[in-house]
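Visitor: give me a model of this one.
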Amino acid sequence: MPPLYVWPLRPRDSSVLMHQMRGRSFEPAIALGIARRCRWGMPQVLLCVPFFRGKPFPTTFWLSCPFLAMMCSQMEALGGIKQLEQFMKDNADGRDWLDFNVEHALLRLALLSRGERQYLQKARKGMMDRLRLSGVGGIARRSGFNVKCLHLQVASWLALRKHPAESWLKERLSTVECEEPDRFCIN
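Guide: Residues are numbered from 1 along each chain as shown. Model (predicted):
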């Protein structure tokens, strides 16, 4: 697993995150920290808790940047999910994709508290299996290249600084930072 640096949430981050997440279903308590910041110092990707309010929360990396979220939504509207799946089918090594998904599962398990782990192992084995056996964003690990959404893929790529389809992501996202942070993150 690649090294992962996580910034603790700063007081200013809370207000920025609430602005970034307006219109989305977001609970600030799911954020453990910031997995990636832009050059302006704004959160781009959150590291999230794997278990929240008694339920698995398999989205390890949440794309908080409104600029990138908008770009991902636009790509999805133009068939980006199917395009990425086809690219990976044609170009990616299936073992790399499997390993990438296993890394997400291992990270989720490592983020569980001791108490959460014990509770899930004893009382909620099905929930534990969901965290343990699913890949990026809770995607079922099965044969083939299954992509849930581009937001998850971009968030994972930026946080981990690698992705089995990194060349495809780089080609479509010529920039991963906006020129107007006030427009997207503050006002």
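Visitor: hey, let's count contacts and neighbours off CA atoms from now on
Guide: Will do.
Visitor: any idea of the mean pLDDT for stretch 27-45?
Guide: Mean pLDDT, stretch 27-45: 94.
Visitor: quick one: end-to-end distance for that stretch.
Guide: End-to-end distance of stretch 27-45 (CA to CA, to the nearest Å): 15 Å.
Visitor: buried residues, that stretch. List them.
Guide: By neighbour count on 16 or more other CA atoms under 10 Å, the buried set for stretch 27-45 is 30-37, 42-45.
Visitor: I figured F184 hits Q20, correct?
Guide: Yes: with contact defined as CA atoms under 8 Å, F184 counts as touching Q20 (6.9 Å).
Visitor: who's more crowded, the two?
Guide: Neighbours around F184 and Q20, counted as other CA atoms under 10 Å, are more numerous at Q20. The numbers are 23 against 17.
Visitor: go through this structure and flag its longest helix.
Guide: helix 94-111 (DSSP state H).
Visitor: for it, packing partners?
Guide: With contacts defined as 3 or more CA pairs under 8 Å, 6 or more residues apart in numbering; DSSP states H and E, the packing partners of helix 94-111 are helix 125-133.
Visitor: part of a helix, is L120?
Guide: Yes: secondary structure of L120 (DSSP: H, G, I helix; E, B strand; the rest coil): part of a helix.
Visitor: how much space between it and R22?
Guide: Plainly put, L120 is 32 Å away from R22 if you go by CA to CA.
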